[in-house]
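Based on what follows, work out the 3D shape:
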Amino acid sequence: MYKLNLPINLFFIFFFISYVFAISSLNFLVATSFFVLLIVVNLFQIYSQRFFSIFNTSILIYYIFFLMVAPVVQLRIRGETNLINTIPYDVDLIVYTNLITSLFLIVYLISRILFDSSTRGLNLKLPKLRVYQIGSNFHNYRLQIIALVIFMYAFNSILSSYNVMSFIGNLESYSETGNSQMSRLLERKFLYSMPVVAVIGLISIIKYHHLDSIRYKLLFILLLAIVIFIKNPIVEHRSGFGTIYLIIAYVYFSNKLNTTSRLFIFLALVFFILFPIGELLAPHRVVTDTSFQFFFLDVFNRVHFDSWANISGSILYVKQEGVHYGVQLMSSLFFWIPRDFWELKSVASGQILGEWMVDNYAMWMTNISFPLMAEGFIDFHIIGVIVFSIMFAAIGAWIDKVIHTSNNSAVFFTAIAISVSTIFILRGPLLSSIAYTAGLALGVYVISSLTVKNK
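Okay, the predicted model is just below:
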């Protein structure tokens, strides 16, 4: 038995009423499809309160902000003209989009119920000291030495390879291909993710053993500065540095964020406040309007929240161009194979859709998101949405089991890293999401394995 948490349910009661009011001015069929999605999301959040899950909470955050709030804001502002990605407004297309997003979550929910029914140890709360206890198993000095070595490598790499100011000024168009792209992936996502383990290891040791000396405080500041230097808005997009900082923040406050309700509120505040403010952190983005409305209201009407519109775009693309029969999935899973050896290897689905919209509509960019349900749709139509959802549920069930029951430090913190990346995996495109998440997860796993104490 379990009891529903009052704060999160009060939030959803308020959200339910506000959302119904917001969609009431839309076309009846459109409003009805959003109402169906609202019901599905509420059913999912009720189930998500059965046990602590970073994975499920991240899905909830993504659906609310990217697939519910953002599209309604966009439709109310833009009216019946065109979607944010220049796709023409079409009632049938919008309804179909909401049915696809609802179907993905329904199948995920049913699959999780089946997968979780055979799993023991999934508790309503995570023990307050669990994260710190597992993190305290690291050899602290080994972590610090490795973090320092990686910092020195990164510092030398930046000085020797880039005209820094030129690099910053051209970051928006910066791209590499072939083996160069793979080497940058290994460097930025695999190697540069390792210092985060030093930070979370030190946090765990300090918190678990109640250390409060100035020495440990200064050491924490030093290690955090190394992470900020390597993972910062100048050379990273928000999905890159955001994941790292979320991992650190979660570990630091894990004794407080040990329930679904608290974690949900924390992530909601992060994505409502810090995600929009992230625009100010990148010097290549020129922001002239710093008003409250620009950052916290109008933000939902900008391309950062194009996920829902791109699901609509993928539906229209498949209708006109046909499905890819698994080409996108295979290219994503085997991203590490150089294009020199695989000439037919596809590019990211977001780029394909972006180029298609540039050619057929008035789209002006190809670096766009491509949600996971759209990945399933572009490869296998409706069947793909269902299969991708089941696979995603299987991964989520395994990760939650690890977080609740495993005492293996390397596996545990790798599961944490993947869980925190869930929002970015859902947002897509899948090729870059898998590549970046795999680099991060592998980096965390390797450094954790090398520095954990032998028992």
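
hey, let's count contacts and neighbours off CA atoms from now on
Will do.

where does the residue lying closest to residue 81 once chain neighbours are set aside fall, phi/psi-wise?
Using C-alpha to C-alpha, 6 or more residues apart in numbering and skipping the chain neighbours, the partner closest in space to residue 81 is residue 89 (5.5 Å). Backbone torsions for residue 89, taken as degrees, to the nearest 10, come to phi -60, psi 130.

Which residues are in contact with residue 89?
Shown in contact with residue 89 (C-alpha atoms under 8 Å, 6 or more residues apart in numbering): 80, 81, 82, 83.

Which ones among those residues lie within strands?
When the contacts of residue 89 are checked against strands (DSSP state E), there are no matches.

out of those residues, who has the most neighbours?
The most neighbours of any of these, using other C-alpha atoms under 10 Å, belong to residue 83, which has 23 neighbours.

from memory residue 422 sits against residue 60, does it?
No - the pair residue 422 / residue 60 is not scored as a contact, 10.3 Å apart, by C-alpha atoms under 8 Å.

so where is this structure shaky, pLDDT-wise?
By pLDDT under 70, the weakly predicted segments of the chain are 1-7, 153-188, 233-240, 275-297, 454-455.

now the contacts of residue 89 in a markdown table, with distance to residue 8?
As requested, the contacts of residue 89 are exported to a markdown table (distance: C-alpha to C-alpha, whole Å):
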| residue | distance to residue 8 |
| --- | --- |
| 80 | 34 |
| 81 | 36 |
| 82 | 35 |
| 83 | 31 |
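
so which two of these are the farthest from each other?
80 and 83 (8.5 Å; C-alpha to C-alpha).

ok, and the residue lying closest to residue 128 once chain neighbours are set aside, which helix or strand is that part of?
Sequence neighbours aside, residue 255 is the residue nearest to residue 128 in space, at 4.3 Å (criterion: C-alpha to C-alpha, 6+ apart). For residue 255, there is no host helix or strand (DSSP states H and E).

For residue 255, which residues are in contact?
Contacts of residue 255 (C-alpha under 8 Å, 6+ apart): 127, 128, 129, 131.

Type out the ChimeraX command that picks the buried ones from those.
Buried members of those can be picked out in ChimeraX with the line below, counting by 16 or more other C-alpha atoms under 10 Å:
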select :129,131
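
okay if I get the contacts of residue 255 as JSON lines plus distance to residue 434 and secondary structure?
Shown next, in JSON lines, are the contacts of residue 255 (distance: C-alpha to C-alpha, whole Å; DSSP: H, G, I helix; E, B strand; the rest coil):
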{"residue": "127", "distance to residue 434": "30", "secondary structure": "coil"}
{"residue": "128", "distance to residue 434": "31", "secondary structure": "coil"}
{"residue": "129", "distance to residue 434": "31", "secondary structure": "coil"}
{"residue": "131", "distance to residue 434": "25", "secondary structure": "helix"}
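
coming back round to it: among the contacts of residue 89, which are in helices?
In this view, the contacts of residue 89 have no member that belongs to helices under DSSP state H.

Can you name every helix or strand that the helix or strand hosting residue 21 contacts?
In the assignment (DSSP H and E), residue 21 maps to helix 6-23. Judged by 3 or more C-alpha pairs under 8 Å, 6 or more residues apart in numbering; DSSP states H and E, helix 6-23 is in contact with helix 28-48, helix 260-269.
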